[in-house]
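> Sequence below, structure please.
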Amino acid sequence: MPAQDKEREIKLIVPEDFDMPDLNGGATGVASVVEAEPLDLTASYFDTSDLRLMSSGITVRRRTGEAPEPVWTLKLPVDGDPTLRTEVTQASDGHEPPPEIASLLKAVLIDADLVPVAELKTRRRVWRLLDAEGGELAELVDDRVSILDGNEIKDSFREIEVEARNAEAAGLKRIARVIEKSGGKPEQRSKASRALDVIRNRTAPTAAPAVSPGDPAAAAVRDTLSRLLRAMVARAPHALLAEVEGVHRMRVGQRRLRSVLRAFGPLLDKDKVTPFVDELRWLGTVLGEVRDLDVFEINLRDSAGDDPTLTPLFSTVAARKEAARARLAEALASDRYLDLIRTGQKLLDDEALVVAQGPCTETLPPLTTSAADKLRKTAGALTPASPEADYHEVRKLAKRARYTAEAVSEYEKRKESRALLEFAGRMTAVQNVFGAHQDATLARDTIIAIASEHPTNGALNLQTGRLIERADKQASALRELALRKWNKLEKDKSTKWPRR
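Here you go, the predicted model:
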């Protein structure tokens, strides 16, 4: 089985004649520095011909010189933190990714093949940075990297990496700051990305040209859907690794894509889009099974702790999660999922997908107005006695209004864009409080269902009864809070509802 870990690392580019500063001292927490044997490394990086992985922040590497046999490494980005990555490693002497890593990439590659795109040779010096007790805070490496193009050295650079062992993020930054003050330049790009800029004669990573407010709305629709589809697909390896946040991000990506497709509905050929939206709903159901159980378990442990009488409850949740994760893994490896992504890609290439004419500034704003109007109509009809399903519907409509506003803001002029983003922020607050209500009702119903499977366990039923009562009270309180927040939002004169 491949090894899986989180890697926290700060990279800095330094001049060839850079002198390493003294890292000992109170500012860094480093008490001593121990140098290890230097290494000569050869790394081959793999990607598709169009660099599909790199555009999603994913790298695949085969490296020799550090272990008895070659080691394959898959690195996956963690949203919101450029210093943190999920790292999956597997020793294999083959020249293609081992099955354990290839299976994680299938849901991203779809029909594309992996090919070698860059080869690097590195002379590495290594130091262990220790605290006063001899514990390893971080590993410091000084890499002198040569970029190869065939047998020719095209270019070279020098990079310092500081990788956490027991140091916290703040401690790692303090160490890196000393290097930065001595001339290091923070640079979180991968070595492969730098190498490809040289090999392909690029001055910077390529990016699609921006769509301007005056451009045709069709360009904005394609741009939005393309980015959302890529973002969703890029989360698949995280979901396959059963990362709680990875499943969440992929589910959010699926929801955002489906929501925006529905919001853009008046601009699109309905007959072409509907089958794709239906398949996204299927994917959302499979992801939702895992995500809902993850949230339920986290909240349950927060409220119940490790009460041994609840062992049957936690055991049932664990079994359900395992089964749900297995179904998710099967779904992401299935032809149905691959066909779903292929369909999305074909839609983006279909010149007849967008049926509306006109520039972004005229065609897109009515979409946010429509989404907001649907939300206001549904939320305005809520009462304390409304069914829970009505509260859940408001949550979904608040998400749709938020996602639509965020999407349209990309193609508006500055003033209008700021107003839409402010509105989206208000919709996030609505979504969160109605979402908390939904989580509470889901927890109550899940506990009731599991408790019914153990009718003769008196101690369990006593404790679950208390949990059910607590969850029901919480749901009632959140229902009242949701109504108050909505009414306050409607009455607040500073609320700028989308117009036009």
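
> Now do the lengthiest strand in the chain: distance to the chain's middle.
Taking DSSP state E as the criterion, the chain has its longest strand at strand 115-130. Between the mean C-alpha point of strand 115-130 and the mean C-alpha point of its chain there is a distance of 27 Å (CA atoms, centre = their mean, to the nearest Å).

> Flag every buried residue along it.
By neighbour count on 16 or more other CB atoms under 10 Å, the buried set for strand 115-130 is 117-122, 124-130. Every C-beta, even on glycine, is put in place using the N, C-alpha and C of the backbone.

> Export those as CSV, with columns for pLDDT.
Converted to CSV, the buried residues of strand 115-130 look like this (pLDDT from 0 to 100):
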residue, pLDDT
Val117, 94
Ala118, 94
Glu119, 96
Leu120, 97
Lys121, 97
Thr122, 97
Arg124, 97
Arg125, 97
Val126, 97
Trp127, 96
Arg128, 96
Leu129, 96
Leu130, 96
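
> Looking at those residues, which one is closest to Ile341?
If you rank the buried residues of strand 115-130 by distance to Ile341 using CB to CB, Val117 comes first, at 21.8 Å.

> From Glu9, how far off is that closest one?
According to CB to CB, to the nearest Å, Val117 and Glu9 sit 22 Å apart.

> What of Arg301?
In this structure, Arg301 and Glu9 are separated by 30 Å, where distance is defined by CB to CB.

> got it, and Leu228?
Taken as CB to CB, the spacing of Leu228 relative to Glu9 amounts to 29 Å.

> Strands along this structure, start to end?
Shown for the chain, the strands assigned by DSSP E span residues 3-14, 32-35, 39-47, 59-64, 71-77, 84-91, 115-130, 136-149, 152-164, 185-186.

> Val273 is nearest to which of those strands?
When those are compared by CB to CB, strand 71-77 sits nearest Val273, at 29.5 Å.

> ok, and for that closest one, which residues are buried?
Buried positions in strand 71-77, judged by neighbour count with 16+ other CB under 10 Å: Val71, Trp72, Thr73, Leu74, Lys75, Leu76, Pro77.

> From these, which one has the minimum pLDDT?
When these are compared on pLDDT, Pro77 comes out least confident, at 92.

> Ala231 versus that one, what's the distance?
Computed with CB to CB, the distance linking Pro77 and Ala231 is 11 Å.

> What's the local residue count around Glu289?
Here the number of neighbours of Glu289 (other CB atoms under 10 Å) works out to 19.

> whoops, Lys413 was the one
So Lys413, with other CB under 10 Å, has 12 neighbours.

> re earlier: out of the strands of the chain, flag the one nearest Leu420.
Comparison of those against Leu420 by CB to CB identifies strand 71-77 as nearest, at 27.1 Å.

> That closest one: partners in the sheet, and parallel or antiparallel?
With DSSP bridges as the test, strand 71-77 is paired with strand 59-64 (antiparallel), strand 84-91 (antiparallel).

> List the buried residues of stretch 2-9.
By neighbour count with 16+ other CB under 10 Å, stretch 2-9 contains the buried residues Pro2, Gln4, Glu7, Arg8, Glu9.

> ok, for the third one, nearest residue in space, not its chain neighbours?
Distances taken as CB to CB, 6 or more residues apart in numbering place Glu87 nearest to Glu7, at 4.4 Å, with adjacent residues excluded.

> again, but for the fourth one
Spatial nearest neighbour of Arg8, excluding adjacent residues (CB to CB, 6+ apart): Ala164 at 4.2 Å.

> tell me the contacts of that neighbour?
Arg8, Glu9, Leu137, Ala138, Gly171, Leu172 (CB atoms under 8 Å, 6 or more residues apart in numbering).

> Next, format those as JSON lines and append distance to Arg189 and pLDDT.
What follows is those, written out as JSON lines (distance: CB to CB, whole Å; pLDDT from 0 to 100):
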{"residue": "Arg8", "distance to Arg189": "16", "pLDDT": "96"}
{"residue": "Glu9", "distance to Arg189": "12", "pLDDT": "96"}
{"residue": "Leu137", "distance to Arg189": "25", "pLDDT": "96"}
{"residue": "Ala138", "distance to Arg189": "20", "pLDDT": "96"}
{"residue": "Gly171", "distance to Arg189": "23", "pLDDT": "93"}
{"residue": "Leu172", "distance to Arg189": "18", "pLDDT": "95"}
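
> In a markdown table: those residues, plus distance to Glu416.
What follows is these, written out as a markdown table (distance: CB to CB, whole Å):
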| residue | distance to Glu416 |
| --- | --- |
| Arg8 | 39 |
| Glu9 | 40 |
| Leu137 | 49 |
| Ala138 | 47 |
| Gly171 | 44 |
| Leu172 | 41 |
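
> For the stretch 51-200 of the chain, which residues score under the pLDDT cut-off?
For the stretch 51-200 of the chain, no stretch has pLDDT under 70.

> give me that answer again for 90
Regions of the stretch 51-200 of the chain meeting the criterion pLDDT under 90 cover residues 55-56, 67, 78-81, 94-95, 111, 149-152, 197, 199-200.

> same deal with the stretch 251-400 of the chain?
Scanning the stretch 251-400 of the chain with the threshold set as pLDDT under 90 gives 299-308, 356-357.

> Show me where it has its helices.
Listed from the start of the chain, the stretch 251-400 of the chain has helices (DSSP state H, counting those that start in this stretch) covering 270-304, 311-332, 335-349, 360-363, 365-380, 388-409.

> most tightly surrounded among those helices?
By mean neighbour count, with neighbours taken as mean count of other CB atoms under 10 Å, helix 388-409 ranks first of the helices of the stretch 251-400 of the chain at a mean of 22.

> The residue nearest in space to the middle of the chain: what's it in contact with?
A centroid search over the chain (CA atoms, centre = their mean) returns Arg249, at 4.4 Å, as the residue closest to the centre. If a contact means CB under 8 Å, 6+ apart, then Arg249 has Asp79, Arg235, His238 as its contacts.

> Can you read off the pLDDT for the closest residue to the last one other than its chain neighbours?
What it means is His238. Once its chain neighbours are removed from consideration, His238 has its nearest residue in Gly246; the separation is 2.5 Å (CB to CB, 6+ apart). Gly246 carries a pLDDT score of 93 in this model.

> Tell me the spacing between Gly246 and Val252.
When CB to CB is applied, the distance between Gly246 and Val252 equals 11 Å.

> and those two? which has more neighbours close in?
Each of Gly246 and Val252 had its neighbours counted (other CB under 10 Å), and the higher figure belongs to Gly246 (21 against 18).

> which helix is the longest one in this protein?
In terms of residue count, the longest helix belonging to the chain (DSSP state H) is helix 414-451.

> That one vs helix 365-380, what angle?
Interaxial angle, helix 414-451 versus helix 365-380 (axes from the mean of the first three to the mean of the last three CA atoms, to 10 degrees): 40 degrees.
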